[in-house]
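Colleague: Kindly return the folded structure for what I paste below:
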Amino acid sequence: MEGAEVITDPSNPYLAWLLHLVASPPLVAMLMLMMIIDSVSGIVAAVKERKLSSKIGFVGMMKKAAMLLVVGMAAVVETTFHSSIPENLRAQFYIPLAKFTAGFFLLNEALSVLENARRAGVPLPAFLTKGLAGAQDRISNWGRPDVRTTKDFIEP
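Modeller: Have a look, this model is predicted:
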């Protein structure tokens with residue numbers, strides 16, 4: 001294959017990663033939006049606590065970039081795995097790994113927004129904080145019955 005053919009070849013894992021991120025916008029777009037909301041709510045909480053730090057903000061942005069890279073990696077693995085399965089069995093063995101990964105990080109970001117809101121002095125309903133923390137615990141410990149779930153780190 002020549003230069004342009006390699007770039008546009010559907011079996012190219014880098015192209016698959018990019019197309020997967022663009023083609024699965026609901027969760028990835030929601031994750032990116034939640035990351036922005038989390039960043040703004042973190043700034044609000046830090047200003048209220050008089051602890052605003054560009055170093056902490058930079059570290060937070062790098063963590064968010066790493067999350068997106070992990071979602072992208074999951075998309076590559078999902079696409080590679082899916083394309084290696086015989087076509088007549090693909091529907092039975094399809095695992096939406098990128099969507100699960102983005103969903104997990106979306107829950108993390110939602111919990112972080114709630115934590116930031118609590119730090120900023122916003123009263124939060126207990127059902128919301130407990131529900132999100134419980135969902136995160138269930139996803140984190142899925143298939144591990146020996147692991148006890150953590151207590152809510154957000155106080156109602």
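Colleague: use CA for all of it now, contacts and neighbours both
Modeller: Noted.
Colleague: Over to I95. Which of the three states is it?
Modeller: Secondary structure state of I95, per DSSP: H, G, I helix; E, B strand; the rest coil, is coil.
Colleague: any idea which helix or strand carries the closest residue to it other than its chain neighbours?
Modeller: Spatial nearest neighbour of I95, excluding adjacent residues (C-alpha to C-alpha, 6 or more residues apart in numbering): E78 at 7.0 Å. For E78, the element it lies in under DSSP states H and E is helix 54-84.
Colleague: Could you pull out the buried residues of whichever strand or helix holds F105?
Modeller: Assigning secondary structure by DSSP H and E places F105 in helix 97-119. For helix 97-119, the neighbour count (16 or more other C-alpha atoms under 10 Å) marks 97-99, 101-119 as buried.
Colleague: cool, stretch 57-71 as well?
Modeller: Result for stretch 57-71 [16+ other C-alpha under 10 Å]: buried residues 60, 64, 67-68, 70-71.
Colleague: Contact partners for the residue nearest the centre of the chain?
Modeller: With distances taken as C-alpha atoms, centre = their mean, the residue of the chain nearest its centroid is F105 (2.4 Å). Shown in contact with F105 (C-alpha atoms under 8 Å, 6 or more residues apart in numbering): 31, 67.
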